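# Predicted model, plus sequence, below.
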Amino acid sequence: MSDPSDLAGRYAVAVDDRDAAALAALFTVDAALVQPPALTRGAGKVVAAGVDAIVAAVLDGTAHLHATRHDVHQSVVDVDGDTATGRAYCLAHHLYRGRDGMRDNAIAIRYLDRYRRVDGRWLIARRELVVDYAEDRVVTVP
């Protein structure tokens, strides 16, 4: 990748496809993923350190769901040599079966990222998730 601007989209695709290899390929080996209390089911702020821990945290955290769909919207990336910072907005849909049928827990998330170029490839060195709001509703899944 010649620049880090599509990393948020690639992350969304990897999560939605439950593709561990594609997800791992997006992060530096020493990366950190910071999840807020709103996403950790009462565990407080949780930091996954290292690519293996990040992949496990993301895939284990979505394993109970019927499906996910991460709709990435605007993003801004500022490059400074071999490092960069970015902010991307995402509406993350989490489909699950509730008592009243299929439901969507849609969460408005901001990704606050730090990127690093390693061997000519841009990777995520740190991603912090910030939850702005959530909405839970019944949906129809074909």
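Sure thing, it's come through. Numbers count the residues shown, from 1 in each chain.

# elements contacting the lowest-mean-pLDDT helix or strand in the chain?
Taking mean pLDDT, DSSP states H and E as the measure, strand 46-49 is the helix or strand of the chain with the lowest mean score, a mean of 91. Of the remaining helices and strands, those touching strand 46-49 by 3 or more Cβ pairs under 8 Å, 6 or more residues apart in numbering; DSSP states H and E are strand 27-35, helix 51-62. In this view, the C-beta of every residue, glycine as well, is placed from N, C-alpha and C.

# where does the chain dip in pLDDT?
Within the chain, the ranges that satisfy pLDDT under 70 run 1-2.

# For it, which segments count as strands?
Assigned strands in the chain, in chain order: 27-35, 46-49, 67-80, 83-98, 101-118, 121-138 (criterion: DSSP state E).

# I'd like those strands as JSON lines, with distance to Pro4 appended.
What follows is those, written out as JSON lines (distance: least, Cβ to Cβ, whole Å):
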{"stretch": "strand 27-35", "distance to Pro4": "12"}
{"stretch": "strand 46-49", "distance to Pro4": "20"}
{"stretch": "strand 67-80", "distance to Pro4": "5"}
{"stretch": "strand 83-98", "distance to Pro4": "5"}
{"stretch": "strand 101-118", "distance to Pro4": "4"}
{"stretch": "strand 121-138", "distance to Pro4": "4"}
